[in-house]
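Q: The sequence and its predicted three-dimensional model are supplied below.
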Number of protein chains: 2
Amino acid sequence: MLASPSTCQPPGGSMTTTALPLTPDYDAWPVESRIKHVESTPRLVTVHWSDGVISRYHSIWLRENAADDTTVNPATRERILDLSTLPAWPEIAYAQIDTHGALCIDFMPEERRLRFHPGWLRAHDYDNVCDNNAADGEAPLVPVTTWRGGPGSAPDTLDASGLLDTSPGAEAEEAVLAPALESLLGKGLVRLRNLPTEPGSLQSIANRIGPLRPTNFGELFDVRAKPDPDSNAYTAIALPPHVDLPTREYQPGLQCLHCLENSVAGGEAVMLDGFAVAEALRQRHPEAYTTLTRVRWRFANTSRSTDYVWHAPMIRQDARGELLEVRIADFLRGPLQATFEEVEPAYEALMALQHLLREPGFAIRFSYQPGDLVIFDNRRLLHARDAFEGDSGHRWLQGCYLERDEVRSRYRMILRARRQRRLLDSATS
Amino acid sequence: MLASPSTCQPPGGSMTTTALPLTPDYDAWPVESRIKHVESTPRLVTVHWSDGVISRYHSIWLRENAADDTTVNPATRERILDLSTLPAWPEIAYAQIDTHGALCIDFMPEERRLRFHPGWLRAHDYDNVCDNNAADGEAPLVPVTTWRGGPGSAPDTLDASGLLDTSPGAEAEEAVLAPALESLLGKGLVRLRNLPTEPGSLQSIANRIGPLRPTNFGELFDVRAKPDPDSNAYTAIALPPHVDLPTREYQPGLQCLHCLENSVAGGEAVMLDGFAVAEALRQRHPEAYTTLTRVRWRFANTSRSTDYVWHAPMIRQDARGELLEVRIADFLRGPLQATFEEVEPAYEALMALQHLLREPGFAIRFSYQPGDLVIFDNRRLLHARDAFEGDSGHRWLQGCYLERDEVRSRYRMILRARRQRRLLDSATS
């Protein structure tokens, strides 16, 4: 006898999505296409959708991703099923569409009947969406576009004056955050303007995205000329294009620099798309590019109380040659430890890169205004600054790091809220 | 004319290491072997050491790693030289041993004379140390050894009762921290006993290693059965072997679990070496192993306010097949998004792994005592727990994450302190 058969045969009622069983997560899955027809073999269900798309799902995939409370803990929405404890490979005895429009399957040998939400099912249509060329099973949240700078260029800039007065998660917050996160995800860079200039306010601004990642430099760090500096950043000298903390196994994904004061002569900020520079290197000096994807440089930052070392290539790409990360910071490289034969080619490649980094066509240049917050992808962008005259005024930036995970989570929450509003609108219209 | 020739011809004096120029970092480099003889060509210096070793150094490598203040900012010990601004590829006009035993080189066309500390030079002997098989240019700080558990096994355990009374960096702290960090680096696991049981004390204990990595679960998180849990960890149910936060681009490198109370029936802790399990899979089910290094599973953790997703293989190895990371957590996997052909083999491989994970021979099992702190490598070890009876008593662990960078930095500082003491001892003896 099948367990709880009633879930597939509810007592009448019209086809609505809200009456459907829970999906295995907290998201909303509007139904844009209905299941028209379904066929099955023991290990496969073929779904024919009302818009003509045909999607195949494996029995084992369906079994593991069911939303009932023998599969998912209803309190946490986390899986509790251990597949290897099933009596055998789950097979399909019978598949049908129930009166709510859900896919309803009887699994054997468990004798368990489980239902699948059509909106959720269509959103996870791996049969039509995935191909071997995709870096992973989902398209990027925002398409990545490389960019060049040059005279007159500027970062995407948004007025964020009311941001701290909005409620977290409200539509008013979304009006600033959504385009900011889109610039960050797509171009790796965004500038917010007209924010408070109180020291420490960066903490609450950055928390609108997610928790900070503290380092040995603290939770917030002060970028200004200091006595007894423990970083070149804390002097008035020029800094060449670099990422921060390449000395870590995983350099922070995101950096925020918030301007509190800026009245010095000099100290102009420079931002470059490291992916654009790497692509140019690949085109103009393919051998240098390959060398920099292979040679593991030693990145090191020693201070009186800490000693960070990590070995990694300056350019990291995936198996298909897509750029994943740049790790460039001349002042944070320790002595290269490579084979004897590798050393001269490594330095030749490095110099080819250094010449490219100085080409003005890659750089966006700007001066910080108090209240500006520049957020950038620290595994893709390079930042630099001109020297400034320390006695000509004050230049004070506060900075912090976050993980890129937080940007994606926050942006997915915005998309989820939009789906939920769409679902509500369609239910009330 | 060469710049500052006097640095190579000091006014007499015996050969001491302390009178040598600064090395390009904060470390101490005891001189265990003297430079006996040196030869050079424009692009190469060959150093003959007193113990018979012969090391070659490239001119460009030497030039970039000089310690003078045109190369390194003396205040921060960070590089200020930009190689690409040199007039030409640096060449060697002349190389000699100075009266302090340092290597002294005249560089052309710069006309600059620079000195190299023999202890530092020998410690960076890439010519003899590096080969193409090394994962990076330096041996691991502590050799990695995989391990199995089984009946009677226990984690390396240390009495840490006085830890919080020691001064940070003192030898008394080192007496506890050094062996703890060695177990962590080598086996991925250590247990400290007899620590305070005050809530929040984990913060100051963990800070003895480095700054914490906060997440959406907070800086410290409480592992106990809670109303309205947002994770299976916060219930009384059993947890299968898993890593924490596989849903992040970079799952935290280190996890600390600190027991404040434990009087429940059940809830025994289980620890497995994920690398040992992966090696066993490679031996017994090579196809499953290969599949799990290739298929990018979807790890997902949705809550009411966050939505983390990351796609990654369960086993990550380097080009030579050395294990880098495991990412396993059934309850934090979302629906697999892979090509249609990949889905069934992926699940077959997963089930082979799940059967191995249940073999008791891999597991160290133990009960937490109040005052225990278990620290483990969250990218290598898997942890699990039995279900417990929530109404039989109290079970309260506090947890936090750190990065593995902090363990290595802390351990390098201990090695540095030992080198400095050795240097002092030899200077006073």
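A: Sure, I can see it. Only a predicted model underlies this, so the values are computations on that prediction, with no experimental measurement involved. Numbering: from 1, shown residues only, chains lettered A, B, ... in the order given.
Q: who touches residue A:416 in this structure?
A: A:26, A:27, A:28, B:307 (Cβ atoms under 8 Å, 6 or more residues apart in numbering or on different chains). Bear in mind the C-beta positions are built from the backbone N, C-alpha and C, glycine included.
Q: and the first one, helix, strand or coil?
A: For residue A:26, the assignment made with DSSP: H, G, I helix; E, B strand; the rest coil gives coil.
Q: Also residue A:177?
A: Three states are possible here, and by three-state DSSP the one that applies to residue A:177 is helix.
Q: can you pull the pLDDT of it?
A: At residue A:177, the pLDDT value in this model is 97.
Q: what does residue A:9 give?
A: Residue A:9 carries a pLDDT value of 47.
Q: who's in contact with residue A:293?
A: Taking Cβ under 8 Å, 6+ apart, we find residue A:293 in contact with A:313, A:314, A:315, A:316, A:317.
Q: Output the host helix or strand of it in PDB with nothing but the alpha carbons.
A: Taking DSSP states H and E as the definition, residue A:293 sits inside helix A:286-294. Presented in PDB, the C-alpha positions along helix A:286-294 are these (Å, rounded to 0.1, in the frame of the first residue of the first chain):
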ATOM      1  CA  PRO A 286      50.400  34.300 -25.200                       C
ATOM      2  CA  GLU A 287      53.500  32.700 -23.800                       C
ATOM      3  CA  ALA A 288      53.700  35.200 -20.900                       C
ATOM      4  CA  TYR A 289      50.000  34.500 -20.200                       C
ATOM      5  CA  THR A 290      50.500  30.800 -20.100                       C
ATOM      6  CA  THR A 291      53.600  31.200 -17.800                       C
ATOM      7  CA  LEU A 292      51.500  33.300 -15.400                       C
ATOM      8  CA  THR A 293      48.800  30.700 -15.200                       C
ATOM      9  CA  ARG A 294      51.400  28.100 -14.400                       C
END
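Q: pLDDT weak spots in the stretch 1-150 of chain A?
A: By pLDDT under 70, the weakly predicted segments of the stretch 1-150 of chain A are A:1-21, A:131-138.
Q: for chain B, what are the nearby residues on it?
A: Taking Cβ under 8 Å from any Cβ of the partner chain as the test, the list of the stretch 1-150 of chain A residues beside chain B reads A:24-27, A:43, A:56, A:58, A:60-61, A:64-65, A:73, A:75-84, A:124, A:126-127, A:129-132, A:135-138.
Q: Report the buried members of the residues you listed.
A: In the residues of the stretch 1-150 of chain A next to chain B, burial by neighbour count holds for A:24-27, A:56, A:58, A:60-61, A:64-65, A:73, A:75-84, A:124, A:126-127, A:130, A:136-138, counting by 16 or more other Cβ atoms under 10 Å in any protein chain shown.
Q: Which of those fall in strands?
A: A:56, A:58, A:73, A:78, A:79 (DSSP state E).
Q: can you tell me which residues contact the nearest residue to the first one once chain neighbours are set aside?
A: Spelled out, that is residue A:56. Of all residues not flanking residue A:56 in the chain, residue A:127 sits nearest, at 4.6 Å (Cβ to Cβ, 6 or more residues apart in numbering or on different chains). Shown in contact with residue A:127 (Cβ under 8 Å, 6+ apart): A:55, A:56, A:57, B:340.
Q: got the contact list for the first one?
A: Read that as residue A:55. Taking Cβ under 8 Å, 6+ apart as the definition, contacts of residue A:55 comprise A:46, A:47, A:49, A:121, A:122, A:125, A:127, A:128.
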